[in-house]
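>>> Show me the folded form of this:
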Amino acid sequence: MPDGQGQHGKGAVHTAQAHGAHHEYRLGDIPSPWLLFSNALLVVLVLLAFGYAATRKLEEIPKGIQNLGEFIVESFISFTRGVIGPDGEKYVPLVGTLFLFIYVGNLWGLLPVFHSPTANLSTTLALGLIVFFYVQYVGIRSRGLKGYLAHFWGPIPLAGILLFPIEIISELVKPFTLAMRLFGNIFGEDTVIVVLATLSVALLPRFPLIPVQFPVLMLALLTTFVQALVFTLLTCIYISLQSSHEEHHSEGTAHAHS
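Residues are numbered from 1 along each chain as shown. Next up, the predicted model:
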């Protein structure tokens, strides 16, 4: 009996240890959803605070934070017009919101004790799905449902039998490629910084003035911007491909009236 109880007790201890190890965070693990959601919420609050401060006291001659806000908006207008076309300005609310959330979210993980919301596949996939559904909405609105489906079929009827399923699959894959690209780069970047920061702590007794992670942090200031730019650039390209029919139609109408 004692042996049996001892074995049973050991089994219980091993089970408890295994259960505890399951919840223990280790390097490379993805933080809990609540932790990432709270960080995403903080990013949203920062952006809302910036928007409120930039528009609280509007002046004819902008200065300070209003000047910065207007510069950002004008940059988004030029960017969307350059990629999408003359009508690109109307997509600034979506494109600008995506860029600012992704960029600030990427930078957020560089701050001590904070985590990048974009280092979670659930967050990046949600952003990718938002882009996907909006692009489909733009395509249906600009082409009509029949023209939208014909766009996947292609100009050659017989070739459409082969092209249609390929085009549908490639369209369905877009949100996942957007999500995986952003997630992989930011999660990998944050993991490297954590590893180097841990190494710096280990080297403190011998080399107290060498922050090993500093060069990567400097590089991350650039890559966080690049990743946000790539995501929004691809978003604009997808919108442009679906809204081209609408732009050609509006140009044709303008020439007809002239």
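
>>> so where's the stretch 151-258 of the chain shaky on pLDDT?
Across the stretch 151-258 of the chain, the ranges flagged by pLDDT under 70 are 197, 199-214, 244-258.

>>> which other helices and strands contact the lengthiest helix in the chain?
Counting residues, the longest helix in the chain under DSSP state H turns out to be helix 157-203. Judged by 3 or more CB pairs under 8 Å, 6 or more residues apart in numbering; DSSP states H and E, helix 157-203 is in contact with helix 121-153, helix 214-257. (C-beta placed from N, C-alpha, C; glycine too.)

>>> Which of the ones you listed sits closest to residue 99?
helix 214-257 (4.4 Å; CB to CB).

>>> sorry, back to before: so which of the helices and strands packed on helix 157-203 gets nearest residue 71?
helix 214-257 (15.4 Å).

>>> Give the buried residues for stretch 32-49.
36, 39-40, 43-44, 47 (16 or more other CB atoms under 10 Å).

>>> Also stretch 140-151?
Across stretch 140-151, burial judged by 16+ other CB under 10 Å covers 142-143, 148, 151.

>>> tell me the two of those that are most distant?
Most distant of the buried residues of stretch 140-151, by CB to CB, are 142 and 151, 10.0 Å apart.

>>> quick revisit: by pLDDT, rank the buried residues of stretch 32-49 and give me the bottom one.
Least confident entry in the buried residues of stretch 32-49, by pLDDT: residue 36, with 79.

>>> That residue against residue 115, yeah?
Yes: here residue 36 lies in contact with residue 115, judged by CB atoms under 8 Å, at a distance of 6.0 Å.

>>> The nearest residue to residue 223 once chain neighbours are set aside: how many residues sit nearby?
Spatial nearest neighbour of residue 223, excluding adjacent residues (CB to CB, 6 or more residues apart in numbering): residue 189 at 6.2 Å. Burial of residue 189 is recorded as 22 neighbouring residues (other CB atoms under 10 Å).

>>> who touches residue 189 in this structure?
Residue 189 makes contacts with 109, 216, 220, 223-224, as judged by CB atoms under 8 Å, 6 or more residues apart in numbering.

>>> Looking at those residues, which is nearest residue 66?
Closest approach between the contacts of residue 189 and residue 66, by CB to CB: residue 224, at 25.1 Å.

>>> That closest one and residue 142, how far apart?
To residue 142, residue 224 is 33 Å away according to CB to CB, to the nearest Å.

>>> How about residue 132?
16 Å.

>>> next one: residue 67
35 Å.

>>> just residue 190 next, same as before
39 Å.

>>> Hmm, residue 72 is touching residue 96, no?
Yes: if you go by CB under 8 Å, residue 72 and residue 96 touch, sitting 7.5 Å apart.

>>> Looking at these two, which has the bigger crowd around it?
Per other CB under 10 Å, whichever of residue 72 and residue 96 has more neighbours is residue 96, with 18 against 15.

>>> tell me the contacts of that one?
Contacts for residue 96 were tallied using CB under 8 Å, 6+ apart; they are 72-73, 76.

>>> cutoff 6 Å now
residue 76 (CB atoms under 6 Å, 6 or more residues apart in numbering).

>>> what's the helix or strand for it?
Secondary structure assignment for residue 96, by DSSP states H and E: helix 92-108.

>>> Let me see the contact set for residue 231.
With CB under 6 Å, 6+ apart, residue 231 has these contacts: 102, 182.

>>> Okay, it and residue 93: tell me how far apart.
16 Å.

>>> what does residue 190 give?
The value you get for residue 190 to residue 93, if CB to CB is used, is 29 Å.

>>> Settle it for me: which of those two has more neighbours?
The residue with more neighbours, out of residue 190 and residue 93, is residue 190; 19 against 10, by other CB under 10 Å.

>>> which non-adjacent residue is nearest that one?
residue 109 (4.8 Å).

>>> if I look at that neighbour, how far off is residue 154?
43 Å.

>>> out of those two, which sits in the more crowded spot?
Per other CB under 10 Å, whichever of residue 109 and residue 154 has more neighbours is residue 109, with 21 against 16.
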